[in-house]
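> Need the 3D shape of this:
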Amino acid sequence: MKKVYKYRKKLHLEQGKQYTFYFQKKVPLPDNFWYFVIIDPYGSKHLLPLAYYTHYNLKTGNSYQCKVDKINCLGRVFIEPPHPFYQEGKSYAFKYLETISKKHKSGNTYSYHVFINKKGEKALMNADEYLLPDHLKTDFHLFKIEKISKGVIYIISD
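Below you'll find the predicted structure:
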(Lines give C-alpha, C1' and ligand atoms only; values in the text may rest on other atoms or scores of the structure.)
Protein backbone atom coordinates (compact mmCIF):
# COMPACT_ATOMS: atom_id res chain seq x y z
CA MET A 1 0.00 0.00 0.00
CA LYS A 2 1.29 3.43 -0.97
CA LYS A 3 1.80 5.93 1.84
CA VAL A 4 0.19 9.33 1.46
CA TYR A 5 1.59 12.17 3.50
CA LYS A 6 -0.56 15.09 4.46
CA TYR A 7 1.12 18.44 4.82
CA ARG A 8 0.28 20.09 8.12
CA LYS A 9 1.99 23.39 7.32
CA LYS A 10 -0.09 26.07 5.69
CA LEU A 11 1.33 26.82 2.26
CA HIS A 12 2.16 30.52 2.05
CA LEU A 13 3.48 30.54 -1.49
CA GLU A 14 1.22 31.35 -4.43
CA GLN A 15 1.61 30.02 -7.96
CA GLY A 16 2.84 32.63 -10.44
CA LYS A 17 4.27 34.98 -7.78
CA GLN A 18 7.92 35.74 -7.10
CA TYR A 19 9.70 35.29 -3.79
CA THR A 20 13.26 35.50 -2.53
CA PHE A 21 14.73 32.03 -1.97
CA TYR A 22 17.98 31.32 -0.13
CA PHE A 23 20.13 28.68 -1.86
CA GLN A 24 21.49 26.82 1.16
CA LYS A 25 23.44 23.85 -0.26
CA LYS A 26 23.73 21.16 -2.96
CA VAL A 27 22.88 17.57 -2.09
CA PRO A 28 22.78 14.25 -3.97
CA LEU A 29 19.64 12.16 -3.54
CA PRO A 30 19.11 8.41 -4.01
CA ASP A 31 17.80 9.04 -7.55
CA ASN A 32 21.46 9.82 -8.49
CA PHE A 33 20.69 13.49 -9.22
CA TRP A 34 21.95 16.61 -7.46
CA TYR A 35 19.58 19.21 -6.00
CA PHE A 36 19.78 22.65 -4.46
CA VAL A 37 18.21 22.86 -1.02
CA ILE A 38 16.50 26.24 -1.06
CA ILE A 39 14.59 28.02 1.68
CA ASP A 40 11.55 30.20 1.03
CA PRO A 41 10.81 33.41 2.98
CA TYR A 42 8.61 31.43 5.39
CA GLY A 43 11.36 28.99 6.37
CA SER A 44 10.17 25.97 4.36
CA LYS A 45 12.78 23.96 2.44
CA HIS A 46 12.38 22.92 -1.19
CA LEU A 47 14.47 20.93 -3.66
CA LEU A 48 15.48 22.37 -7.02
CA PRO A 49 16.99 19.92 -9.58
CA LEU A 50 20.48 21.09 -10.44
CA ALA A 51 20.51 19.45 -13.90
CA TYR A 52 18.02 21.94 -15.40
CA TYR A 53 20.01 24.97 -14.27
CA THR A 54 23.70 24.17 -14.80
CA HIS A 55 24.09 27.14 -17.18
CA TYR A 56 22.43 29.57 -14.73
CA ASN A 57 25.55 30.09 -12.57
CA LEU A 58 23.54 29.77 -9.33
CA LYS A 59 25.65 29.70 -6.18
CA THR A 60 24.99 28.35 -2.70
CA GLY A 61 24.92 31.01 -0.02
CA ASN A 62 23.14 33.48 -2.34
CA SER A 63 19.50 34.54 -2.49
CA TYR A 64 17.59 34.79 -5.75
CA GLN A 65 14.20 36.16 -6.74
CA CYS A 66 12.45 33.03 -8.07
CA LYS A 67 9.01 32.42 -9.52
CA VAL A 68 6.69 29.75 -8.14
CA ASP A 69 6.06 28.02 -11.45
CA LYS A 70 3.55 25.46 -10.26
CA ILE A 71 2.03 23.94 -7.13
CA ASN A 72 0.67 20.48 -7.81
CA CYS A 73 -2.27 18.73 -6.14
CA LEU A 74 0.01 17.18 -3.50
CA GLY A 75 1.35 20.59 -2.53
CA ARG A 76 4.73 20.09 -4.17
CA VAL A 77 6.16 23.44 -5.20
CA PHE A 78 8.04 23.85 -8.49
CA ILE A 79 10.33 26.86 -8.48
CA GLU A 80 11.93 28.62 -11.44
CA PRO A 81 15.07 30.68 -10.71
CA PRO A 82 15.78 33.78 -12.80
CA HIS A 83 17.26 33.06 -16.23
CA PRO A 84 20.71 34.68 -16.58
CA PHE A 85 19.75 36.44 -19.81
CA TYR A 86 16.05 36.18 -20.69
CA GLN A 87 12.95 37.59 -19.02
CA GLU A 88 9.38 36.45 -19.57
CA GLY A 89 7.30 38.89 -21.59
CA LYS A 90 10.29 40.48 -23.36
CA SER A 91 11.31 39.93 -26.99
CA TYR A 92 14.59 38.53 -28.29
CA ALA A 93 16.05 37.49 -31.66
CA PHE A 94 15.89 33.81 -32.62
CA LYS A 95 16.33 31.89 -35.87
CA TYR A 96 14.30 28.85 -36.90
CA LEU A 97 16.24 25.57 -36.73
CA GLU A 98 13.81 22.64 -37.09
CA THR A 99 10.48 21.15 -36.05
CA ILE A 100 10.54 18.17 -33.68
CA SER A 101 8.08 15.89 -31.90
CA LYS A 102 8.36 14.94 -28.24
CA LYS A 103 6.46 12.25 -26.41
CA HIS A 104 5.14 13.43 -23.04
CA LYS A 105 5.04 11.12 -20.01
CA SER A 106 1.22 11.11 -20.41
CA GLY A 107 1.70 9.33 -23.75
CA ASN A 108 0.66 12.32 -25.87
CA THR A 109 2.98 13.54 -28.61
CA TYR A 110 3.63 17.27 -28.99
CA SER A 111 5.36 19.12 -31.82
CA TYR A 112 7.69 22.07 -31.31
CA HIS A 113 9.45 24.52 -33.59
CA VAL A 114 13.04 24.78 -32.37
CA PHE A 115 14.77 28.16 -32.56
CA ILE A 116 18.30 29.18 -31.73
CA ASN A 117 19.86 32.49 -30.71
CA LYS A 118 23.26 33.86 -31.72
CA LYS A 119 24.88 32.20 -28.67
CA GLY A 120 23.52 28.77 -29.63
CA GLU A 121 20.83 28.60 -26.92
CA LYS A 122 17.62 26.88 -27.97
CA ALA A 123 14.01 27.96 -27.51
CA LEU A 124 10.79 26.10 -28.28
CA MET A 125 7.51 27.22 -29.85
CA ASN A 126 4.43 25.01 -29.66
CA ALA A 127 3.95 23.83 -33.26
CA ASP A 128 0.52 22.39 -32.46
CA GLU A 129 -0.77 25.90 -31.60
CA TYR A 130 1.37 28.13 -33.82
CA LEU A 131 1.61 27.58 -37.56
CA LEU A 132 4.93 29.09 -38.57
CA PRO A 133 4.81 31.26 -41.71
CA ASP A 134 7.63 30.71 -44.20
CA HIS A 135 9.08 34.20 -43.74
CA LEU A 136 9.84 33.36 -40.07
CA LYS A 137 11.88 30.34 -41.12
CA THR A 138 14.68 32.49 -42.50
CA ASP A 139 17.11 34.77 -40.68
CA PHE A 140 16.64 36.11 -37.15
CA HIS A 141 13.29 37.50 -35.97
CA LEU A 142 11.99 38.84 -32.68
CA PHE A 143 9.96 36.46 -30.53
CA LYS A 144 8.41 37.04 -27.13
CA ILE A 145 9.39 34.79 -24.20
CA GLU A 146 6.10 33.20 -23.17
CA LYS A 147 7.52 31.28 -20.22
CA ILE A 148 10.66 29.65 -18.89
CA SER A 149 10.10 26.32 -17.18
CA LYS A 150 12.73 23.85 -15.97
CA GLY A 151 15.32 25.96 -17.75
CA VAL A 152 13.55 25.57 -21.12
CA ILE A 153 12.61 28.75 -22.99
CA TYR A 154 9.19 28.81 -24.66
CA ILE A 155 8.51 31.56 -27.19
CA ILE A 156 5.55 32.93 -29.15
CA SER A 157 5.42 35.09 -32.26
CA ASP A 158 5.81 38.74 -31.31
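
> how is this structure carved up into domains?
18-80, 91-157 (automatic domain parsing).

> and residue 52, which of the three is it?
Put simply, residue 52 is helix when judged by DSSP: H, G, I helix; E, B strand; the rest coil.

> nope, residue 73 is what I was after
Quick answer, by three-state DSSP: residue 73 is coil.

> Over to residue 24: give its phi and psi.
The phi/psi pair for residue 24 (degrees, to the nearest 10) reads phi -80, psi -50.

> Measure how buried the nearest residue to it once chain neighbours are set aside is and give me the count.
Spatial nearest neighbour of residue 24, excluding adjacent residues (C-beta to C-beta, 6 or more residues apart in numbering): residue 37 at 4.7 Å. Backbone N, C-alpha and C define where each C-beta goes, glycine included. Applying other C-beta atoms under 10 Å, we find 15 other residues in the vicinity of residue 37.

> who does the longest strand seen in the chain pair up with?
Assignment by DSSP state E gives strand 91-103 as the longest strand of the chain. Strand 91-103 pairs in its sheet with strand 109-116 (antiparallel), strand 140-149 (antiparallel), by DSSP bridges.

> Next secondary structure after the last one?
Per DSSP states H and E, the first helix or strand lying C-terminal to strand 140-149 is strand 152-157.

> now the domains of the chain in TSV, with distance to residue 12?
Shown next, in TSV, are the domains of the chain (distance: least, C-beta to C-beta, whole Å):
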stretch	distance to residue 12
domain 18-80	5
domain 91-157	22
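
> Need those domains in TSV (columns: mean pLDDT).
Conversion of the domains of the chain to TSV gives the following (pLDDT from 0 to 100):
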stretch	mean pLDDT
domain 18-80	93
domain 91-157	90
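
> Tell me who's in contact with residue 27.
If you count contacts by C-beta atoms under 8 Å, 6 or more residues apart in numbering, residue 27 has them with 34, 35, 37.

> do that again at 6 Å, thanks
35, 37 (C-beta atoms under 6 Å, 6 or more residues apart in numbering).

> Tell me the bridge partners for it.
Listed beta-bridge partners, residue 27: residue 35 (assigned using DSSP bridges).

> Distance-wise, check it relative to residue 154.
Using C-beta to C-beta, to the nearest Å, residue 27 is found at 29 Å from residue 154.

> Residue 131 too?
16 Å.

> for residue 46, same thing?
For residue 46, the distance to residue 154 - C-beta to C-beta - is 23 Å.

> can you check residue 19 too?
For residue 19 relative to residue 154 (C-beta to C-beta), the value is 22 Å.
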